[in-house]
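Enquirer: Need coordinates for the following:
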Amino acid sequence: MKPLRTGIIIILTAAGVLAVRSRVAEPIYIASNSMAPTLVKGDHLVLDKVTYRLRSPRRGEIISFKSPVGEAHESVKRIIAAAGDTIELKSKKVYLNGEPRYERYAYYARPGEALAGDNLGPFTVPPGHIFVLGDNRDESNDSASWKNPATGEPLYFLSLSAVTGKVRGAY
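Expert: Purely as a prediction, here's the structure:
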């Protein structure tokens, strides 16, 4: 009887872990330095999958999402603008609704180099979308640099349906 009981406990435990991981929280790790210095390659974090079922993502939050440009992995970036916001980048500086943003977390690996995406907009974020950037602005594949794989046209906004969760603290 004991082996059967042990087997049932193991199966129930595994099912519980899988349910929590798919619906509540999941461990993730940072695979690049696109969010440095805030998050660096190798950091282990918790992906909260519940919060955005209760409310919409907000400016400043760090999220995980499915790539809008067909990359096989999920990405982690910071929300800079939400639906209805006007976003503009001028010489690497972010302007939100016409006002310059102070971003203590933003890092520029190549500050003197003019890069694609350093000057954009102004654009208004459409309903159901957000504008995201990595904190390591010059080394991030994000709203400032995405291209539609089918057309090659710029793809500035991320659909909220691609968001998989809110990035929480390290473990």
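Enquirer: Could you use CA atoms for every contact and neighbour count after this?
Expert: Fine.
Enquirer: could you pull out the helices for the chain?
Expert: For the chain, the helices defined by DSSP state H cover 2-23, 51-54.
Enquirer: Below-threshold pLDDT in this structure: ranges please.
Expert: Scanning the chain for pLDDT under 70 picks out 1, 12, 14-24.
Enquirer: tell me the strands in it, going along the chain?
Expert: Using DSSP state E, the strands of the chain run over 25-29, 44-48, 62-66, 74-82, 86-90, 93-96, 99-100, 120-124, 129-133, 158-159, 163-170.
Enquirer: Indicate which one of those strands is closest to residue 2.
Expert: strand 25-29 (31.9 Å; C-alpha to C-alpha).
Enquirer: Please tell me how far the closest one is from the chain's geometric centre.
Expert: Relative to its chain's centre, strand 25-29 lies at 13 Å (C-alpha atoms, centre = their mean, to the nearest Å).
Enquirer: Taking strand 74-82 as reference, get the angle to it.
Expert: Angle, strand 25-29 to strand 74-82, by axes from the mean of the first three to the mean of the last three C-alpha atoms, to 10 degrees: 100 degrees.
Enquirer: Strand 25-29 pairs with which strands, parallel or anti?
Expert: The strands beside strand 25-29 in its sheet (DSSP bridges) come out as strand 44-48 (antiparallel).
Enquirer: Report the angle between the strand it pairs with and strand 163-170.
Expert: Computed by the same axes, to 10 degrees, the angle separating strand 44-48 from strand 163-170 equals 130 degrees.
Enquirer: now do the same end-to-end measure for stretch 51-69.
Expert: 25 Å (C-alpha to C-alpha, to the nearest Å).
Enquirer: how far is that stretch from where the chain is centred?
Expert: With C-alpha atoms, centre = their mean, you get 6 Å for stretch 51-69.
Enquirer: Residues contacting that stretch, please?
Expert: 47, 73-82, 146-149, 158, 162-167 (C-alpha atoms under 8 Å, 6 or more residues apart in numbering).
Enquirer: Would you quantify the distance from residue 92 to residue 120?
Expert: Distance of residue 92 to residue 120, given as C-alpha to C-alpha: 9 Å.
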